[in-house]
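Colleague: Any chance you can model this:
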Amino acid sequence: MNAPSTRTEAPPVLAAEDLSVRFGPKTALTGVTLPVARGRVVSIIGPSASGKTTLLRAFNRLNELTPGVVTTGTVRFNGVDIHDEGVDPVEVRRRVGMVFQQATLFPKSVFDNVAFGPRASGYAGDLQELAEEVLTAVDLWSGAAGDLDAPALTLSAGQQQRLCIARTLALKPEVLLLDEPTSALDPAATARIESLIHALKRDYTVVLATHGRRQAARLSDMTAYLAGGELVEYGPTESLFTNPRDPRTESYLTGRIP
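Modeller: The predicted structure is shown next:
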């Protein structure tokens with residue numbers, strides 16, 4: 001007789017538990033429970049104003065920077081409630097880094113953009129080596145190596161978005177939150193970002209908010225469908241796309257809900 005298996009699932013690196021977020025009278029999320037396994041790419045899909053960005057921002061306490069926000073429920077990072085007394089929100093945002101829909105670069109050089117965060121956090125290593133490491137990771141080193149002093153804002157839109165990712169990687173996060181990172185890019189630049197996400201999965205957990213159904217299908221291991229601030233369905237991407245359990249998910253995936 002075989003002994004019973006003692007294998008257990010690893011705890012999630014991130015987890016929302018009965019999470020609700022309200023901005024004044026407007027409710028953005030209601031009762032969302034969503035675990036994110038380490039080393040996975042998780043896509044969050046849904047119509048505009050469904051709560052995708054709010055959920056991403058809840059994962060690293062960015063929502064609280066908005067006056068009047070009220071958050072209830074729990075968000076855990078490595079098992080720790082990120083709202084516990086004594087948890088430094090700056091440290092949370094370093095370890096759970098976020099890249100926004102529009103590239104948000106400083107009007108400084110490529111090097112200064114990469115070095116800004118590490119300098120502010122007291123990084124004691126070699127900043128030149130760090131810049132080479134993260135720019136290589138996003139496939140910018142070969143183009144930028146000879147001109148790290150070039151103004152970052154002279155880069156193409158796709159290069160600027162990859163530089164934003166490199167700047168986040170320079171802080172050595174465990175999780176990357178990507179909010180519609182390709183929505184403003186052309187197809188070629190989008191393909192490079194998607195290839196980069198595939199590569200980053202080896203070393204990081206990625207949570208991607210996207211309006212692109214096909215992008216979610218291409219990139220993610222797990223997909224969550226949000227509508228009206230509620231989590232309608234969450235599961236393995238292939239299963240969710242081929243055999244959704246909820247008719248609302250099916251309506252969205254087939255385009256009946258824009």
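
Colleague: any idea which element Ala191 lies in?
Modeller: Take DSSP states H and E as the rule and Ala191 turns out to sit in helix 187-200.

Colleague: Give me the average confidence score over that helix.
Modeller: What helix 187-200 shows for mean pLDDT is 94.

Colleague: same for that helix, what does it pack against?
Modeller: helix 157-169, strand 205-209, helix 213-219 (3 or more C-beta pairs under 8 Å, 6 or more residues apart in numbering; DSSP states H and E). Bear in mind the C-beta positions are built from the backbone N, C-alpha and C, glycine included.

Colleague: can I get the CA coordinates of the shortest one in CSV?
Modeller: Extracted C-alpha coordinates of strand 205-209, given in CSV (Å, rounded to 0.1, in the frame of the first residue of the first chain):
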residue,chain,number,x,y,z
THR,A,205,6.4,36.6,-10.0
VAL,A,206,4.4,38.8,-12.5
VAL,A,207,0.9,40.2,-12.1
LEU,A,208,-0.3,41.7,-15.3
ALA,A,209,-3.5,43.9,-15.7
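
Colleague: Could you check the angle it makes with helix 187-200?
Modeller: On the basis of axes from the mean of the first three to the mean of the last three C-alpha atoms, to 10 degrees, strand 205-209 is oriented at 150 degrees to helix 187-200.

Colleague: packing partners for strand 205-209?
Modeller: strand 41-45, helix 52-58, strand 175-179, helix 187-200, helix 213-219.

Colleague: Of all the ones you listed, which one comes closest to Arg22?
Modeller: helix 52-58 (9.9 Å; C-beta to C-beta).

Colleague: List the neighbouring strands of whichever helix or strand comes after that closest one plus their orientation.
Modeller: Once the chain leaves helix 52-58, the next helix or strand it forms, by DSSP H and E, is strand 69-77. In the sheet, strand 69-77 lines up against strand 14-23 (antiparallel), strand 80-81 (antiparallel) (DSSP bridges).

Colleague: Would you mind finding the most buried of these?
Modeller: Of all the strands paired with strand 69-77, strand 14-23 carries the top mean neighbour count, a mean of 19, counting by mean count of other C-beta atoms under 10 Å.

Colleague: next SSE after that one?
Modeller: strand 26-36.

Colleague: That following strand - what's its average pLDDT?
Modeller: Rounded mean pLDDT across strand 26-36 is 97.

Colleague: do the same with stretch 138-156
Modeller: 83.

Colleague: Pull up the distance across that stretch, start to finish.
Modeller: Using C-alpha to C-alpha, to the nearest Å, one end of stretch 138-156 lies 14 Å from the other.

Colleague: how about that stretch: buried residues?
Modeller: Val138, Leu140, Trp141, Ala144, Leu148, Ala152, Leu155 (16 or more other C-beta atoms under 10 Å).

Colleague: ok so, going back, out of the helices and strands packed on strand 205-209, deepest packed?
Modeller: It is strand 41-45: most buried of these by mean count of other C-beta under 10 Å, with a mean of 26.

Colleague: circling back to that earlier point, format the buried residues of stretch 138-156 as a markdown table; extra columns: distance to Gly73.
Modeller: Listed next are the buried residues of stretch 138-156 as a markdown table, based on distance: C-beta to C-beta, whole Å:
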| residue | distance to Gly73 |
| --- | --- |
| Val138 | 34 |
| Leu140 | 38 |
| Trp141 | 41 |
| Ala144 | 42 |
| Leu148 | 43 |
| Ala152 | 38 |
| Leu155 | 39 |
